[in-house]
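Trainee: okay, structure incoming, though there's no sequence with it:
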DNA sequence: CATTGTGAACGGGTTCACAGCA
DNA sequence: TGCTGTGAACCCGTTCACAATG
């Protein structure tokens, strides 16, 4: 399967399918249908079938999909049938909260190092990590071969830090800073800015 | 202008335009063009012009857009030429970090109350707020007339709490819990789940 | 003369509808 | 019979291209 032939928007829905399949599994279900999965997610059944068909036939006519099997297949497609190490940059309130978040483990990720450039913060303990100095960042990331970073630094520092991360060999960045990053195209970048989403919603709120 | 006639995807881009316009203003620029704005955001100039044209002609041929004026217009369109109160539900690590985040104020929002159902947490201080008991939630939200909530409770509790929020008069929810919410269509819901975004990116990471 | 605003062309994602199969 | 997988039709968002204009 050639990854670049599959619409990015389709890839982006797979994690959501996985999320809901996990929930169904927790509730003891063995099997589901495109109909049921779609209802849960607010997506049409046809779209789910079409999306999955890009990767192969995972279902059985008349019966639907085995949840366990589909979970396994999606994990393989998304390459999360392994655990990815993450470097966290920025040990402010948000960074600390993320470092201690328990939900990464069983979804394919774990934070393995945390950096900050504030001397008052470097050396302090956050969960089970000691905050390292940003000056050691490139070397530490290279050494362990970490490929994914989360960025929780002030907006003014984000672009610079991101460039350093790329230099260190990072290939995917989840950016919590409220600025658009300008990086080589081959670097994967996703953004989290709650305010953008709040502003989107207020458009629809009368008064 | 009839809000429902404008593609939702267009509305979703306006906050990003605003974000970049603010940045340009901070850097001392007075004027910009669809070209420049697009380059900054990785969006085509034509799309930006088309998006803005849904709402009116904000630019001048030959010159471009006055940044200050466009910011003002976008704020009005998004209804953030006012400050929206937010109720935060869930005072765990993430909730606490959000409550103390300084970036809401000048972008149209402020957290005004925070709730939790854990007796060990209720009554404690988070930034300048005292965590209130969830049992008081409906009344407190109704009384102040808060319309927006952020949800940072465990996945298992999210649906139930969301329903209670709707009952209290909440009309928009920013959900940090990793579950799809099932609510009346007129309720605005946006999701933040970093793991979905990480999983999206790993698809493109070889090995 | 640079840049907007916009109708028309285009392209790609979604939905439809049904053949195929357990 | 129920539900999947999929080609075709459809629809809607993006890009194109240019007239309009400060």
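Mentor: Happy to help now that I have it. Since we're looking at a predicted model, the values are computed, not measured.
Trainee: from now on I want contacts and neighbour counts done on CA atoms only, so please keep to that.
Mentor: Noted.
Trainee: near DNA strand C, which residues of chain A?
Mentor: Contact residues (CA under 7 Å from any atom of the strand) of chain A with DNA strand C: A:7, A:8, A:9, A:10, A:43, A:44, A:46, A:47, A:50, A:60, A:61, A:62.
Trainee: tell me which of the residues you listed fall in helices.
Mentor: A:8, A:9, A:10, A:46, A:47, A:50 (DSSP state H).
Trainee: which of those has the most neighbours?
Mentor: The most crowded member of those, judged by other CA atoms under 10 Å in any protein chain shown, is residue A:10 (16 neighbours).
Trainee: that residue: what's it in contact with?
Mentor: residue A:51 (CA atoms under 8 Å, 6 or more residues apart in numbering or on different chains).
Trainee: contacts only, for residue A:39.
Mentor: For residue A:39, the contacting residues are residue A:45, taking CA under 8 Å, 6+ apart as the criterion.
Trainee: that one is in what secondary structure piece?
Mentor: helix A:34-41 (DSSP states H and E).
Trainee: quick check: what element follows the strand ranked longest in chain A along the chain?
Mentor: The single longest strand within chain A, with elements called by DSSP state E, is strand A:109-116. Scanning the chain past strand A:109-116 towards its C-terminal end, the next helix or strand to appear is strand A:125-126 (assignment: DSSP H and E).
Trainee: quick one: residue A:129 from residue B:53, how far?
Mentor: Computed with CA to CA, to the nearest Å, the distance linking residue A:129 and residue B:53 is 50 Å.
Trainee: ok, these two, which is more surrounded?
Mentor: Comparing residue A:129 with residue B:53 by other CA under 10 Å, the one with more neighbours is residue A:129, at 17 against 12.
Trainee: got the phi/psi numbers for the more buried one?
Mentor: Its backbone dihedrals place residue A:129 at phi -110, psi 150, with angles given as degrees, to the nearest 10.
Trainee: secondary structure class for the residue most central in space within chain A?
Mentor: In chain A, the C-alpha closest to the average C-alpha coordinate belongs to residue A:174, at a distance of 7.1 Å (CA atoms, centre = their mean). Secondary structure assignment for residue A:174 (DSSP: H, G, I helix; E, B strand; the rest coil): strand.
Trainee: so it touches residue A:189, yeah?
Mentor: Yes. Distance between residue A:174 and residue A:189: 5.9 Å, which falls inside the contact criterion (CA atoms under 8 Å).
Trainee: so what's the residue count around residue A:144?
Mentor: Burial measure for residue A:144: 11 neighbouring residues, criterion other CA under 10 Å.
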